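Student: What would the 3D arrangement of this be:
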Amino acid sequence: MLQDGLWAEVTIAYNEIEDDAYAFYVEDLRPIQLNRFDFNRYCEGRSAFSRDAWIDIILRSVGLEPTVLSHRLKLHFIARLFPLVEPNFNLSYINNKDEEIVVYCPESKTAEATQDPVRKDIHDGEGAKESSQRKTAEKKIAPEPEHKKLPEPEEQPSPDIIIKENAQEPNAQHFTIQYGATGYSYESILSPYLTGAKTIEIEDPYIRANHQVQNFIRFCEAVVKTPTIQKISLCTGYDDQTDLKELSDRLNDVKQSLIELDIQLDININEHLHDREIRIDNGWTIKIGRGLDLYQKPDSWYSVGVYDQSLKKCLETKIDIFKRDAEPGEQ
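Tutor: Numbers count the residues shown, from 1 in each chain. Sure thing, here's the model as predicted:
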């Protein structure tokens, strides 16, 4: 469940009770993508986890794949998490520049014992004791070098602020794609105009045949790369030759796959629809004369360009991209 998609919405809260041994706890957990959720069965399964299974889960939760790590390396990564969960536990290690790096736990970061730790010899015996005394004497003569502390992370602006400050407003465009031209993909056409967008509406009467539904999937793949997108609305049409049940099944599969990316897909069918248009809630409108069906059928399904849209040969079509007047509810 930690390898792909979204499994649950989790609310993490700060524990203000100082006597407890943990600083954070799970305040609320709402599973998604599940028709039914049996909490008792979940607890029974969880209780059966071995120590190694828990180690693998923790590593996956921080983005590491345990199946490619040795047991020793797993424990190494686990150890680096100790200061985050264990009070008064600090981690010290040497980086590739022979500098000592100390990761402090939040509770004891400013404590005197943390900032000026006493070094002890862990070996037993008189020789070790003499060595310890000699090091103590040396310490009185030459002060111990200061530990290099990790810099405090600078407060970063939210993604929305970054977009507004750094992104340049793209220009309106009106051009024609010539027959047989290459280098045009949905992503190259759309992505400059998706900055800050949350909702995108597409009207295309020809999302019905198998290759047209595939085109719509490619469209969704291009759109979801914009992290602010939350909703896609599709309005398409049909004719007497359309198998509506088969079309519904295909689009519902697309809808389910988008849910796993936390994106909502609304589907509407309009038999009278004719025009093709893509409207983005940031004010941009993109009109492609042929809609999403702008590529030629490949000569062979085993030729270069079958899957990479930038290598596909296009049909001739006009593209108009312009900023419309803001409507109520738009950005």
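
Student: Least confident secondary structure element in the chain?
Tutor: The helix or strand with the lowest mean pLDDT-type score in the chain, counting by mean pLDDT, DSSP states H and E, is helix 159-166 (a mean of 44).

Student: right, and the helix or strand after it?
Tutor: For helix 159-166, the following helix or strand on the C-terminal side (DSSP states H and E) is strand 173-177.

Student: In the sheet, which strands lie alongside that next one, parallel or antiparallel?
Tutor: The strands beside strand 173-177 in its sheet (DSSP bridges) come out as strand 317-323 (antiparallel).

Student: Residues touching the strand it pairs with, excluding its own?
Tutor: 172-177, 189, 193, 283-290, 294 (Cβ atoms under 8 Å, 6 or more residues apart in numbering). Where C-beta positions appear, they are placed from N, C-alpha and C, glycine not excepted.

Student: mind listing the helices for this structure?
Tutor: Remark: helices assigned in the chain by DSSP state H are 39-47, 51-61, 71-79, 82-85, 112-115, 126-141, 159-166, 186-190, 210-223, 244-259.

Student: Contacts for the second one next, please.
Tutor: Right, helix 51-61. Applying Cβ under 8 Å, 6+ apart, the contact partners of helix 51-61 are 2-3, 49, 65-67, 69, 74-75, 77-78, 81.

Student: Please check those and keep the buried ones.
Tutor: Using 16 or more other Cβ atoms under 10 Å as the burial test, the contacts of helix 51-61 include 66, 69, 74 as buried.

Student: just curious, which of those residues is nearest to Val224?
Tutor: Minimum separation from Val224 among the buried ones among the contacts of helix 51-61 (Cβ to Cβ) is found for Pro66, which lies at 27.6 Å.

Student: surely the closest one meets Phe77?
Tutor: No. With contact defined as Cβ atoms under 8 Å, Pro66 does not reach Phe77; the gap is 9.1 Å.

Student: Now do Ile198 against Gln256, distance only.
Tutor: In this structure residue 198 is Lys, not Ile. Remark: distance between Lys198 and Gln256 (Cβ to Cβ, to the nearest Å) = 21 Å.

Student: the more surrounded of these two?
Tutor: Ranked by neighbour count (other Cβ atoms under 10 Å), Lys198 and Gln256 place Lys198 first, with 15 against 11.

Student: got the contact list for that one?
Tutor: Lys198 makes contact with 228-231, 281, 331, according to Cβ under 8 Å, 6+ apart.

Student: Just the pLDDT at it, thanks.
Tutor: Per-residue confidence for Lys198 comes out at a pLDDT of 93.

Student: Got the phi and psi for the residue most central in space within the chain?
Tutor: Taking Cα atoms, centre = their mean, the centroid of the chain lies closest to Pro227, which sits 7.9 Å from it. Backbone geometry at Pro227, expressed as degrees, to the nearest 10, gives phi -70, psi -20.

Student: For it, give me the pLDDT.
Tutor: What the model reports for Pro227 is a pLDDT of 88.

Student: Next, work out how far apart it and Pro66 are.
Tutor: 27 Å.

Student: Cheers, nothing more for now.
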